[in-house]
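1. Predicted model, plus sequence, below.
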Amino acid sequence: MSAFQEPFFTRGPSPLARLTFFTLIAIAIMIADHRFQALSFARMGIGAVLNPIEQALMVPGHAFSRSVAYFSDQDRLLSENRELNQKILALAAESQQSRLILAEKSYIDALGQAHPRFAGNGLIAEVIRDARNPYARKIIINKGMAHGVTAGLAVIASDGVVGQVTAVGVASSEVTLSTEKDQAVPVMVVRNGLRAIAVGSGRDGTIDVPSLPLGSDIQIGDQVVTSGIDGTYPPGLAVAVISQVEKNPAFPFARIMAQPVAAVAHQRFVKVMLKDPAQIYPRPDVGLDDKKPTRDITITSKSSAQNANAARRDQRRGTP
Amino acid sequence: MRTLPEGISAVAPHKPGTMDLSPASRDPMRLPAPFSLISIVIMAALLLDLLPWDGVALITHPDFVLLALLYWAVHEPHTVGQGWGFALGLIMDVADSALLGQHAMVYVVAIFLAQLLRVRMLQLSVAEQALHIIAILAVSQGIGVLLNLAMGRDFPGFSILISLALGALLWPIINAFATIPRLRRRSSRVIS
């Protein structure tokens, strides 16, 4: 343990060689993570070690805020209680109604042999904190793989869609908010059923509705809900209210902006919508190998081949 | 400035104005840092970074892990190098839910710059070293911003520059924390 034991000459590759080596590996990892999402296991492993430490580090802050809040809580709870009671009364009638509608709907579903795509059950999760990343709009919730959360599940709050689970840890997961840039939700306009895609703008918590032609019937104040056609978000959840519609004939598409209904960044509790594997929306039976339709007409005799050709010609002409 | 012959510096008392450019250069008034001290400082920095930073503090807080790594890359180049930066960068990527490899790349570049500048920095006062640290932090911050912009994210605003200044202010503090336990005491010479 003295200064004289350390190697006199530097050995091994030069700093520049090391820099090149590590930078190349880092770039490879970034590509693997960004393009192929190939490293979720490494992420989960490191996260499993870090999460308990992070939890422990949050204890002092929580204790402090709790002791401060103790004295103001009494008043706040009373007023909150009053508000909640009023809300319950207001919602009671609607809930009775919705129960009736649900019963009717399940009857209709059974009649039409439609797949009820979503298990009604969700998982209530508490929001632990915002992600420590100034570039991304993400939150961390306290339910993870151990509770059955998988990447891709929809996350909602009492008033509407919050976002989607994008990374899963052992006992926590990361939810990308619907206001995050390029985070897309398939939606429809309540008033007329017009389908569109709501994409987070990344600017001050607003949502864009791109790719709607100028002539489409959409107005300021329109309610936008999930359409459910992607199989990720259950249909009918409130997403946003249209706040700005700009139809400039110079562009093929209208410029439409919306405000999210749920206060996506200020939730304490959220609900992760679990999928029942038995009731997953059936995907079209197209595997990777089936991209090219194989010709399964085996020509056994000349006559059958001619018949097939004739049938194809007819189809082309549009004659029966 | 005159230079001492290589090898002598390790035993010669430190004189102001002498300069030793050999890679083994070290302040002879200090004990070499034990591995425990190195890891304790880096662990403490990691814990500080894992605090639930939020809002303005999230953008403006200095990167403690990077500062600790830079300190040891300057003072213990044979122990802490770019490999440490890479490993801790991956950990920070998971902690900050960033793209894997992003912090790793930033840390490796920063440590490379520290390795280039370390012999020069060791001749200067701590305040002057802090100016070098601002430059290193600025380059690494720039790389981080560029990586995020390349992924289509938005620029978080110029308040991220505050973190550079705070990092420079932290440099003397981290120096004190990591240096004071290593000052050679009279009694220790008698014992050893």
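-> On my side now, so go ahead.

2. Next SSE downstream of the longest helix seen in chain B?
-> Longest among the helix segments of chain B by residue count, using DSSP state H, is helix B:126-150. Once the chain leaves helix B:126-150, the next helix or strand it forms, by DSSP states H and E, is helix B:160-179.

3. How far does that following helix sit from its chain's centre?
-> Distance, stretch centre to chain centre, for helix B:160-179: 9 Å (C-alpha atoms, centre = their mean, to the nearest Å).

4. Show me what that helix is packed up against.
-> Secondary-structure packing of helix B:160-179 (3 or more C-beta pairs under 8 Å, 6 or more residues apart in numbering or on different chains; DSSP states H and E): helix B:35-50, helix B:55-60, helix B:64-75, helix B:126-150. C-betas here are computed from N, CA, C, even on glycine.

5. For it, which outside residues touch it?
-> Applying C-beta atoms under 8 Å, 6 or more residues apart in numbering or on different chains, the external contacts of helix B:160-179 come out as A:134, B:30, B:33, B:37, B:41, B:59-64, B:66-68, B:71-72, B:75, B:126-127, B:129-131, B:133-134, B:137-138, B:141, B:145.

6. Next, the buried residues of it.
-> By 16 or more other C-beta atoms under 10 Å in any protein chain shown, the buried positions in helix B:160-179 come out as B:160, B:163-164, B:167-168, B:170-171, B:174-175, B:177-179.

7. now, among the residues you listed, which is nearest to chain A?
-> Of all these, chain A sits closest to B:Ile160, with 7.3 Å by C-beta to the nearest C-beta.

8. returning to that earlier point: just list what the longest helix of chain B packs against, helices and strands only.
-> helix B:64-75, helix B:102-122, helix B:160-179.

9. what does stretch B:138-158 contact?
-> With contacts defined as C-beta under 8 Å, 6+ apart, stretch B:138-158 is touched by A:30, A:34, A:134-136, A:181-182, A:202-203, B:59, B:66, B:99, B:102-103, B:105-107, B:109-110, B:113, B:160-161, B:163-164.

10. Just the buried residues out of those residues, in PyMOL syntax.
-> To isolate the buried ones among the contacts of stretch B:138-158 in PyMOL, judged by 16+ other C-beta under 10 Å, type:
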select buried, (chain A and resi 30+34+134+135+136+181+202) or (chain B and resi 59+66+99+102+103+105+106+107+109+110+113+160+163+164)
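
11. got a pLDDT number for B:Ala12?
-> Looking at B:Ala12, its pLDDT reads 44.

12. Quick one: mean pLDDT over the longest helix of chain B.
-> For helix B:126-150, the per-residue pLDDT values average out at 93.

13. For it, which residues meet the burial criterion?
-> Buried positions in helix B:126-150, judged by neighbour count with 16+ other C-beta under 10 Å: B:129-130, B:132-134, B:136-137, B:140-141, B:143-145, B:147-148.

14. What of stretch A:230-239?
-> Residues of stretch A:230-239 classed as buried under the neighbour-count rule (16+ other C-beta under 10 Å) are A:232-234, A:237-239.

15. Please identify which pair of those residues lies farthest apart.
-> Maximum pairwise distance among those (C-beta to C-beta): 16.0 Å, between A:Thr232 and A:Ala238.

16. where does the residue nearest the centre of chain B land on pLDDT?
-> Central residue of chain B (C-alpha atoms, centre = their mean): B:Leu70, 1.5 Å from the mean position. Per-residue confidence (pLDDT) for B:Leu70: 95.

17. so where is chain B shaky, pLDDT-wise?
-> In the predicted model, chain B carries pLDDT under 70 at residues B:1-30, B:183-192.

18. and with 50 instead?
-> Scanning chain B for pLDDT under 50 picks out B:1-25, B:187-192.

19. A:Ser227: neighbouring residues, count only.
-> Using other C-beta atoms under 10 Å in any protein chain shown, A:Ser227 has 22 other residues around it.

20. cool, A:Thr179 as well?
-> Burial of A:Thr179 is recorded as 25 neighbouring residues (other C-beta under 10 Å).

21. got the contact list for B:Val109?
-> Residues near B:Val109 by C-beta under 8 Å, 6+ apart: A:19, A:23, B:139-140, B:143.

22. hmm, try it at 6 Å
-> B:140, B:143 (C-beta atoms under 6 Å, 6 or more residues apart in numbering or on different chains).
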